[in-house]
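Visitor: Got a predicted model here, sequence first, then my questions.
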Amino acid sequence: MSAVPDRLAAWGQQLVETHDRLRDELDRLLDGLDETSGLTPDLRTHCVAFCGAVGRHHTSEDRTAFPALAAQYPELQDTLDGLARDHHVVAGILQSIEAVLTGSDDLDRARSEIDGLAAILESHFRWEERAIVAALDGLTDSGVDAEALFGRDV
């Protein structure tokens, strides 16, 4: 029997599933933007909820997943630093989206900001999945859970 519990062997898959949930929610958000002529209260709420989920996900990775990976796989440090820099870029876009949602009714500007977010997130998610899924699957720190690693309750 392996010294690593089965649950830990699936952390890489948990990351992919978290990204897939965020991708699905982003697709629903973009569909909502396509189906409206204005920033309705429901659409604003959906945007705020989605942006909050992305922020929690990246904060959890920065605080828990990346340090755990760096401790076990120091050769990943440059990659983890790059991923963390992406998180800062995304955080800036999330702030821009929040400013649009709270300060205007400009649907075109909101759509532009969210389209930019979608492009950056997809690139970031793909890079992250290529770069760290295998390392996550080998992570041996048993003191972590999906909420701490990825900002979600599994």
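Guide: Sure thing, it's come through.
Visitor: Could you check the pLDDT of Asp6?
Guide: You'll see Asp6 listed with a pLDDT of 48.
Visitor: Could you pull up the residues touching Thr82?
Guide: Not quite, residue 82 is Gly, not Thr. Trp127 (Cβ atoms under 8 Å, 6 or more residues apart in numbering). The way it works is simple: take the backbone N, C-alpha and C, and place the C-beta from them, glycine included.
Visitor: With Glu128 as the reference, measure out to it.
Guide: 10 Å (Cβ to Cβ, to the nearest Å).
Visitor: Please apply the same query to Leu22.
Guide: 12 Å.
Visitor: Go through the chain and flag its longest helix.
Guide: helix 107-137 (DSSP state H).
Visitor: Mind jotting down where the helices sit in the protein?
Guide: 11-34, 41-60, 66-72, 77-103, 107-137, 146-150.
Visitor: Please work out which of the ones you listed is packed deepest.
Guide: helix 146-150 (a mean of 20; mean count of other Cβ atoms under 10 Å).
Visitor: packing partners for that helix?
Guide: helix 11-34, helix 41-60 (3 or more Cβ pairs under 8 Å, 6 or more residues apart in numbering; DSSP states H and E).
Visitor: got those as a markdown table, with distance to Gly138 columns?
Guide: Listed next are the helices and strands packed on helix 146-150 as a markdown table, based on distance: least, Cβ to Cβ, whole Å:
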| stretch | distance to Gly138 |
| --- | --- |
| helix 11-34 | 9 |
| helix 41-60 | 19 |
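Visitor: With respect to Ser123, which of those lies nearest?
Guide: Nearest to Ser123, of all the helices and strands packed on helix 146-150, is helix 11-34, at 11.8 Å by Cβ to Cβ.
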